[in-house]
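> Let's see this in three dimensions:
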Amino acid sequence: MGLLSHFSLLCFIGSLPGPPGVSIEDAYVQLFPIDKGKCHGIDPVLDITFQLFTRYNPLQPSSLRIDDEESLRKSHFNFSEPTVIFFHAFFESYQSTPGRLIRTAFLQRKDYNVLFVDAQRLEAGPWYLTAAKNTMVVGKYTAKFVDYLVSKGLHLPSLHLTGLSLGAQMAGVCAQTVKSGRIRRITGMDPAGPLFAKWPNDVKLDAGDADFVDVIHSDAGIFGYPTSVGHVDFWPNRGIAPQPGCTVKEIEARNPGSLIEPLFCSHWRSYQFFAESVINPDAFRDATPCPTWENYIRGECNNFEYGPTTSMGLYVDFEARGDYFLKTNRESPFSKT
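Model prediction:
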């Protein structure tokens, strides 16, 4: 079979429900990748969906689609309330633990439209290269969805894009592609590092993508991006693995036999920190601007020479700029303040 025929067959199979997959703990693995760079066209049911949660439907989402006005009208979407969009990570879906925790945090805090971009089969493991390339497709398609919501009454400055790992890179692409105006804020939770460190800015998150970009690093140099990319970058516990509570010994005591947590514990801390900041406005208030972690540890930045402290997470000061450092606890609540 020729190469073109091979791709055509895979694209045909990929247009069917599936492909076969299995969940391993909180990760989704499927038989073969769906490469949207080769298999063009988005199926709004199989490939990418938008799931809405509000205080009126906190457990069962409303599924929204581009140009589907009836679904939007029947949903609990409230154009008077702020909207947050969350892009999930590699191996995950909107139903994975990060999405559930982010959803619960926002709906406990106040009235929000909490939207999840679900692209499980485009971001399934173990096909990282394909998933990374698909982030561009997911980001651009979500930009069209944002433009559609704006045409129906969404106040664009009330929109907050958030994403974990590959999802953070999707958020950057989405913001770059939106045509109805400029995105006000993006929060990147340990943006994916592998491949992206060498890719150009137009396929990943950077400070030019929105009026304000804040980033939480927790596994820099392994699964997370190795350098600063936002207007303000937070480096809890130096921003690298292992984060407190994420040593092999600690994980085995907490979750014996886990296959996934030893790999991703530090990476996951980023969304756990952010979710805690949503619930507790006083959390992580001691993030300190400093040139390096070593300067911070030596106490050389405690005199506000580099500026005042700020909160890591939802309630960050939009005037904050540069690198900020802080320490966290080993388990929830993670904030020391």
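> And the closest residue to V203 other than its chain neighbours, its phi and psi?
Once flanking residues are discounted, V203 sits nearest to M136: 5.4 Å by Cβ to Cβ, 6 or more residues apart in numbering. Every residue, glycine included, has its C-beta placed from N, CA and C. Dihedral angles phi and psi of M136 (degrees, to the nearest 10) take the values phi -70, psi -40.
> Numbering from 31 from now on, please.
With the count now opening at 31, the last piece we talked about shows up as M166.
> and M166, how many residues sit next to it?
As a burial measure, M166 scores 22 neighbours (other Cβ atoms under 10 Å).
> and it, how far is that from L137?
M166 sits 30 Å away from L137 when distances are taken as Cβ to Cβ, to the nearest Å.
> same question, D236
30 Å.
> Those two: which is more packed in?
When D236 and L137 are compared on other Cβ under 10 Å, the one with more neighbours turns out to be D236, at 23 against 19.
> what's the closest non-adjacent residue to the more buried one?
Counting by Cβ to Cβ, 6+ apart, the residue nearest D236 is V259, at 5.2 Å.
> For the one you found, the count of nearby residues, please.
V259 has 24 nearby residues by other Cβ under 10 Å.
> residues contacting S101?
Taking Cβ atoms under 8 Å, 6 or more residues apart in numbering as the contact definition, S101 lies against S92, S93, L94, R95.
> what's the spacing between the closest residue to the last one other than its chain neighbours and G202?
Spatial nearest neighbour of R95, chain neighbours left out: P74 (5.0 Å); criterion: Cβ to Cβ, 6+ apart. Between P74 and G202 the distance is 23 Å, computed by Cβ to Cβ.
> try E280
Counting by Cβ to Cβ, the gap between E280 and G202 amounts to 32 Å.
> next one: F121
From F121 over to G202 (counting by Cβ to Cβ), the distance is 20 Å.
> Just confirm the residue nearest to R95 contacts S93, I think it does.
No. With contacts counted by Cβ atoms under 8 Å, P74 stays clear of S93, the gap being 9.3 Å.
> and R85, how many neighbours?
By other Cβ under 10 Å, neighbour count at R85 equals 16.
> contacting residues for it?
When contacts are counted by Cβ under 8 Å, 6+ apart, R85 is found next to L137, D141, Y142.
> now, which of these sits nearest R284?
Checking the contacts of R85 against R284 by Cβ to Cβ gives L137 as the nearest, at 26.5 Å.
> can you confirm the closest one is in a helix?
Yes. L137: assigned to a helix according to DSSP: H, G, I helix; E, B strand; the rest coil.
> element containing Y124?
In this structure, Y124 sits in neither a helix nor a strand according to DSSP states H and E.
> need the contact list for it.
Q81, P91, F116, H118, F146, V147, D148, Q150.
> for those, which one is nearest S105?
Distance to S105 across the contacts of Y124 (Cβ to Cβ) is lowest for P91, with 9.0 Å.
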